[in-house]
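Novice: give the three-dimensional model of this entry:
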Amino acid sequence: MPKKEGIRELFDDIAVKYDRFNHISSFGADRSWRRKAVRAIADTKQPIQVLDVATGTADFAIAVSKKAAPGSHITGIDLSEGMLEVGKAKCHGLLIDLEVGDAENLRFPDGTFDRVCVAFGVRNFENLMKGLEEMRRVLKPGGKLVILELSYPKNKLIFSFYKFYSLKILPRIGARMTGNTGAFTYLPDSILKFPLPEKFITMLKETGYSTVQARQFMFGVCRMYCAVK
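Specialist: Predicted structure coming up:
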């Protein structure tokens, strides 16, 4: 099965329980990580146009909408209609539009957005370089890309515990919550297969981004990348 179709079906199946799983599996730390990323996005007093890629159930889009300057507008895209349906129910009254969309084939003209962001979704891209290039294309000159993504610690002792927790414990928690075993085997495995920070930073620079910066949270369990077009 093509990766995109598999991803779409996977997230359609777990959409209703996905937010709760994230909060439980990260011991609530995902909320703190999102707040830090939101500050990097909503760092201007001017209204901004924001594209939230792989928006899922729109948690991140909602957080940005509440912190960005008045008049800001957020567009969220995702492959999964199931996730978007959950998100739409939460976006009432906010300047947020949600739609089905593919990060590697964005429908928007060049230079549309002041900010493009991805929270815990970039590792699911089928063609990572193409996705990075497309997100850069739709950014305005001087616009900022903010990526929040799960990773793994470099400390060998912490990594050993993290790997055991991710590969053995998380799938059981996810399966018990949703009844879907395969989804929560794929998700931790996708973290381990994602490029190391040094490699990912190189990929961003090769795509044409400048001023690339990275921060790590919780010993490297999560990392935030900020890059300018």
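Novice: who's in contact with R223?
Specialist: Neighbour list for R223: L148, E149, L150, S151, P197, A214, R215, Q216, F217 [criterion: CB atoms under 8 Å, 6 or more residues apart in numbering]. C-beta: built from backbone N, CA, C; applies to glycine.
Novice: what about 6 Å?
Specialist: Going by CB atoms under 6 Å, 6 or more residues apart in numbering, R223 touches E149, S151, P197, A214, Q216.
Novice: quick one: it from S65, how far?
Specialist: 24 Å (CB to CB, to the nearest Å).
Novice: same question for I7.
Specialist: The value you get for I7 to S65, if CB to CB is used, is 25 Å.
Novice: looking at this structure, which residue ends up farthest from its center?
Specialist: Residue farthest from the centre of the chain, counting by CA atoms, centre = their mean, is L157 at 27.0 Å.
Novice: return the backbone torsion pair for that one.
Specialist: Listed backbone geometry of L157 is phi -70, psi -50, with angles given as degrees, to the nearest 10.
Novice: flag the least confident of the contacts of R223.
Specialist: Ranked by pLDDT, the contacts of R223 bottom out at S151, which has 86.
Novice: that residue: neighbour count?
Specialist: 23 (other CB atoms under 10 Å).
Novice: host element of I62?
Specialist: Following DSSP states H and E, one finds I62 within helix 59-67.
Novice: tell me the mean pLDDT over that helix?
Specialist: 95.
Novice: what sits against the spatially most central residue of the chain?
Specialist: Centroid-nearest residue in the chain, with CA atoms, centre = their mean: A119, separated by 2.0 Å. Each residue near A119 by CB under 6 Å, 6+ apart is listed here: F60, L148.
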